[in-house]
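Asker: can't give you the sequence, but here's the structure:
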């Protein structure tokens, strides 16, 4: 499988790793994670840390959840490296019991690759590779590799017909990859002592954690650009623009991947739209209860203090150099309608608002207001009405200036007020469709799969990203590069085996407590099991 959405590869060990036996064998190999991560090139978007222990591999080869994540080919490649190379008696102590860091890096070759980094045991002698190279019928061919002053080796696996590269980065820290370009990049990398590329857990917490996921949000855009045809894809765009670092712990569930931890916003960098939500308190998420059953992906936002949010948004726009344009727009509305729209709207704004993309690539916004009947006259006065209930805004970019970046795709939208919800869409037909959804209760939460998923996510948050993989498939087909979509669609082991995923931010001390959840489809995995069994 051609590296299907490589973010998942970081998670390959997650569900296989946790067993009761693990708790009996916790060691302190994670005590010096900072020394290792400083050797990883800082263009990595994601780093997954796990312990290289037998219990991991025992379940790894039998767990269909993992197979669905990485795909048949990747599963086979990694299994070959483990069994053929590192299980060799001359190397079995190389990383035994060590924590391994798997990082994802975008490359100039319009692709993304994995880098494995780990500290070898103190007694390991690198010349073991030279001795191993002299042996016959090992299943691989080893040749020396020199990158500057760094000593390494190229290992050609005869069964895979692929080369695997490994170098001694510094002292007893090694890096390895199937990508020669990435290994050269790693060899040349020198960390900036004044720059923090990854947020790490405290040493004691790290040594007792099951597995960790580190995220550098600013590097997600380059990674997405490798996967998608168009760099302007709006799929979780706000999420990808956040200047922040995250450190998350794994929580194990047999049919789901779940991580939680903290996202620390880098406050000395230009703020993004999501920074505004750090100043709020957590809010119970209710708006998702009226998402249409056709929802492909959505961004749900919640604020405890709407007036503070709109004031902060206004200051955010001012700093972005948009004050003159915004003032001109609202002055024009006041002159032509007599309405101070900014003030009236802010007074009626309630605690939640969301932007939804459906499987038909329709976009709509649902905005909770305190009293829909009081908002209605203002909306009618700034719009051209096409029916008694539906109108189109007469002014451009209003949703953007009223609610921020997430609403940038609604230039002069159509609107409809249903109960205490302001619904926006780019066509009147989309509004009619949602009207039918609302009054006939065709909501996402009416399905058993969604209820299973919703039981796993946090009840309160300030920003929540959601994707339903089945509904998103037409959009992925249109936006993913062909190789990645083909792998997604046609491989028995792929993300299509998952129902949905969510990533939630909950404000905490000007940063975010963070939850990630990804739920596998309901059981019916006989075909997946057969493929995994072939690899055992």
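Answerer: Alright, I've got the coordinates. These numbers come from a predicted model, not from an experiment.

Asker: Verify the stated contact: residue 367 with residue 353.
Answerer: Yes: if you go by CB atoms under 8 Å, residue 367 and residue 353 touch, sitting 4.4 Å apart. C-beta: built from backbone N, CA, C; applies to glycine.

Asker: any common contacting residues for those two?
Answerer: Shared contacts of residue 367 and residue 353, defined by CB atoms under 8 Å, 6 or more residues apart in numbering, comprise residue 403.

Asker: residues contacting the residue lying closest to residue 257 once chain neighbours are set aside?
Answerer: In this structure, residue 257 finds its nearest non-sequential neighbour in residue 518, 4.5 Å apart by CB to CB, 6 or more residues apart in numbering. By CB under 8 Å, 6+ apart, residue 518 lies in contact with 256, 257, 258, 498, 500, 501, 502.

Asker: Going by neighbour count, which of those residues comes out on top?
Answerer: residue 500 (26 neighbours; other CB atoms under 10 Å).

Asker: Where does pLDDT dip in the stretch 51-200 of the chain?
Answerer: Where the stretch 51-200 of the chain drops to pLDDT under 70, the residues are 54-75, 109.

Asker: Show me the helices in it, by range?
Answerer: 54-60, 64-70, 72-80, 128-133, 180-188 (DSSP state H, counting those that start in this stretch).

Asker: Now do the strands in the stretch 151-300 of the chain.
Answerer: Along the stretch 151-300 of the chain, counting by DSSP state E, counting those that start in this stretch, strands occupy 162-170, 173-177, 212-216, 244-253, 256-265, 283-284, 295-302.

Asker: With distance to residue 477 as new columns, can those strands be given to me in CSV?
Answerer: Below are the strands of the stretch 151-300 of the chain laid out as CSV (distance: least, CB to CB, whole Å):
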stretch, distance to residue 477
strand 162-170, 29
strand 173-177, 30
strand 212-216, 27
strand 244-253, 30
strand 256-265, 24
strand 283-284, 35
strand 295-302, 11
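
Asker: just so I know, which of these lies nearest residue 76?
Answerer: When the strands of the stretch 151-300 of the chain are compared by CB to CB, strand 162-170 sits nearest residue 76, at 10.8 Å.

Asker: Kindly spell out which helices and strands sit in contact with the closest one.
Answerer: strand 140-147, strand 150-157, strand 173-177, helix 180-188 (3 or more CB pairs under 8 Å, 6 or more residues apart in numbering; DSSP states H and E).

Asker: so when I look at the residue nearest to residue 257, I'm seeing a strand, right?
Answerer: Yes: Residue 518 forms part of a strand when assessed by DSSP: H, G, I helix; E, B strand; the rest coil.

Asker: Out of the helices and strands packed on strand 162-170, which one sits most buried?
Answerer: strand 173-177 (a mean of 23; mean count of other CB atoms under 10 Å).

Asker: Which residues outside that one are in contact with it?
Answerer: Counting by CB under 8 Å, 6+ apart, 35-36, 39-40, 94-95, 113-120, 164-169, 183, 186-187 sit against strand 173-177.

Asker: and it with helix 180-188, angle?
Answerer: Interaxial angle, strand 173-177 versus helix 180-188 (axes from the mean of the first three to the mean of the last three CA atoms, to 10 degrees): 160 degrees.

Asker: Sheet partners, orientation included, of strand 173-177?
Answerer: strand 111-119 (antiparallel), strand 162-170 (antiparallel) (DSSP bridges).

Asker: Relative to residue 318, which of these is closest?
Answerer: strand 111-119 (37.3 Å).

Asker: Where does the prediction get shaky in the protein?
Answerer: For the chain, the ranges with pLDDT under 70 are 1-32, 54-75, 109, 202-208, 487-488, 490-495, 523-536.

Asker: Please tell me I have it right and residue 458 contacts residue 506.
Answerer: Yes: checked against CB under 8 Å, the pair residue 458 and residue 506 is within contact range at 6.4 Å.

Asker: Just want to know which of these two has more residues nearby.
Answerer: residue 506 (24 against 18).

Asker: show me what contacts that one?
Answerer: 282, 458, 460, 461, 462, 512, 513, 514, 515.

Asker: Quick check: chain neighbours aside, which residue is closest to the fifth one?
Answerer: The shortest distance from residue 462 to any residue other than its chain neighbours is 4.2 Å, reached at residue 277 (CB to CB, 6+ apart).

Asker: How about the contacts made by the closest residue to residue 273 other than its chain neighbours?
Answerer: Leaving out its chain neighbours, the residue that sits closest to residue 273 by CB to CB, 6+ apart is residue 405, at 3.9 Å. Applying CB under 8 Å, 6+ apart to residue 405 gives the contacts 238, 272, 273.

Asker: run the last query once more with 10 Å
Answerer: Going by CB atoms under 10 Å, 6 or more residues apart in numbering, residue 405 touches 237, 238, 241, 272, 273, 274, 276, 313, 316, 317, 320.

Asker: As a markdown table, these with distance to residue 174 and neighbour count would be great.
Answerer: Shown next, in a markdown table, are the contacts of residue 405 (distance: CB to CB, whole Å; neighbours: other CB atoms under 10 Å):
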| residue | distance to residue 174 | neighbour count |
| --- | --- | --- |
| 237 | 37 | 17 |
| 238 | 37 | 20 |
| 241 | 34 | 19 |
| 272 | 36 | 19 |
| 273 | 40 | 21 |
| 274 | 37 | 25 |
| 276 | 43 | 23 |
| 313 | 48 | 19 |
| 316 | 45 | 17 |
| 317 | 49 | 18 |
| 320 | 45 | 13 |
